[in-house]
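**Student:** could you work out the structure for the sequence below:
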Amino acid sequence: MSKTLVLHLVSHASGELVEMLARNAVAQLEGVNVERRMWKMVRRLGQVPEILGALAGAPGYVLHSISHTDIREALEAGCHRLGVPCQFALEPLISRLAAHAGSDVRFHSSSGDAFDEDYYRRVEAMKYALAHDDGIASDDLDGADIIIVGVSRATKTPTCMYLASRGIKAANVPLVPGAPLPAGLVNARSSLVVGLIVDAARLATVRTARLQSLNQDASTDYTDVDALRKEVLEARRLFVRRGWPIIDVTNRSIEQTASQIIDMLKARSGDNG
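**Tutor:** Have a look, this model is predicted:
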């Protein structure tokens, strides 16, 4: 049976380099159907949130040719948070050539981005999402527009990345069975808090795949369907007690979940436009 590989190609120019490398590499793979997505002329830091938002909705393998340090670091940091493999197209060639020549590698230090309101809004949202992912800095969530809460592997991180691509500062807090809620979540007043739930059977499949990718034992309560039913039920009860709106993401794409959250934010602020 053929497998589908989603290949995200990110280029600072026309995309010919990453496209050529990808085409020749894929030609060596047997039984793989490739779905290519290309971003050309990526020369502004403000373009990264949109790319990360697309990656959140359709994870795959990222091959890029970005040499500007600020853009490259933002792209690679975002991919790391999403659990998406990301490779610079000229590695390990550059580092091996440098070692052979006894030379240092010099990348462009800055993209020289244009600073406008949209730039600041989207880049700051992306930085916020990365700094408040998976419970990080959960004692200080005052700056969040939205706080997403849910059990492990309920698509919290990719949803936050997608929201960041729209300029929305989103934090996410995992629910850990038996652990108290962090103070920042309990005391959140200005942020919209949304709970995500997912069908237990679907959750078991996703968690099992995750553990297998990490070469870890998948036969634990973390993946047991009966244990997960209880975990999801307790999460739902918590959301109801707290009065937090609930979204069932079982059959929803990241874009659909994010769209519903954006509608909630607009309704909350009285913006129906």
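
**Student:** tell me which element residue 203 falls in.
**Tutor:** Using DSSP states H and E, residue 203 sits in helix 200-213.

**Student:** hey, which helix is longest across this protein?
**Tutor:** helix 225-242 (DSSP state H).

**Student:** pLDDT of that one, averaged?
**Tutor:** The pLDDT scores in helix 225-242 average 96.

**Student:** one more: stretch 100-112?
**Tutor:** On average, stretch 100-112 scores 70.

**Student:** low-confidence bits of the stretch 51-200 of the chain, can you list those?
**Tutor:** Residue ranges of the stretch 51-200 of the chain with pLDDT under 70: 107-117, 119.

**Student:** about what we covered before: what residues does the helix holding residue 203 touch?
**Tutor:** With contact meaning Cβ atoms under 8 Å, 6 or more residues apart in numbering, helix 200-213 is reached by 151-154, 198, 217-218, 222-225, 228-229, 231-232, 250. Placement of C-beta: from N, CA and C, glycine included.

**Student:** scan those and report the most crowded one.
**Tutor:** residue 154 (27 neighbours; other Cβ atoms under 10 Å).

**Student:** tell me, how many residues neighbour the nearest residue in space to that one that is not next to it in sequence?
**Tutor:** Nearest non-adjacent residue to residue 154, counting by Cβ to Cβ, 6 or more residues apart in numbering: residue 196, 4.5 Å away. Residues lying near residue 196 (other Cβ under 10 Å) number 24.

**Student:** just how off-centre is the helix or strand containing residue 196 within its chain?
**Tutor:** Using DSSP H and E, residue 196 sits in strand 192-197. Relative to its parent chain, strand 192-197 has a centroid offset of 17 Å by Cα atoms, centre = their mean, to the nearest Å.

**Student:** for it, which strands pair with it and how are they oriented?
**Tutor:** strand 146-150 (parallel), strand 246-248 (parallel) (DSSP bridges).

**Student:** any idea which of those strands is most buried?
**Tutor:** strand 146-150 (a mean of 25; mean count of other Cβ atoms under 10 Å).

**Student:** contacting residues around that one?
**Tutor:** Under Cβ under 8 Å, 6+ apart, the answer for strand 146-150 is 141, 156, 159-160, 163, 168-175, 185, 188, 191-198, 235, 239, 244, 261, 265.

**Student:** nearest residue to residue 79 in space, please, no chain neighbours.
**Tutor:** residue 86 (3.7 Å).

**Student:** confirm residue 121 sits in a helix?
**Tutor:** Yes. Counting by DSSP: H, G, I helix; E, B strand; the rest coil, residue 121 is found in a helix.

**Student:** would you confirm that residue 194 contacts residue 243?
**Tutor:** No. If you go by Cβ atoms under 8 Å, residue 194 and residue 243 don't touch, sitting 11.4 Å apart.

**Student:** who has more neighbours, those two?
**Tutor:** Set side by side, residue 194 and residue 243 show more neighbours around residue 194, with 24 against 7, by other Cβ under 10 Å.

**Student:** show me the contacts for that one.
**Tutor:** 146, 147, 148, 149, 244, 245, 246, 247, 261, 264.

**Student:** what separation do you get for it and residue 149?
**Tutor:** 7 Å (Cβ to Cβ, to the nearest Å).

**Student:** which residues touch the residue nearest to residue 154?
**Tutor:** So residue 196 contacts 148, 149, 150, 154, 155, 156, 159, 246, 247, 249, 257 (Cβ under 8 Å, 6+ apart).

**Student:** returning to that earlier point: could I get the contacts of residue 194 in JSON lines, plus columns for distance to residue 69?
**Tutor:** Formatted as JSON lines, the contacts of residue 194 follow (distance: Cβ to Cβ, whole Å):
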{"residue": "146", "distance to residue 69": "30"}
{"residue": "147", "distance to residue 69": "31"}
{"residue": "148", "distance to residue 69": "30"}
{"residue": "149", "distance to residue 69": "35"}
{"residue": "244", "distance to residue 69": "40"}
{"residue": "245", "distance to residue 69": "40"}
{"residue": "246", "distance to residue 69": "41"}
{"residue": "247", "distance to residue 69": "37"}
{"residue": "261", "distance to residue 69": "32"}
{"residue": "264", "distance to residue 69": "37"}
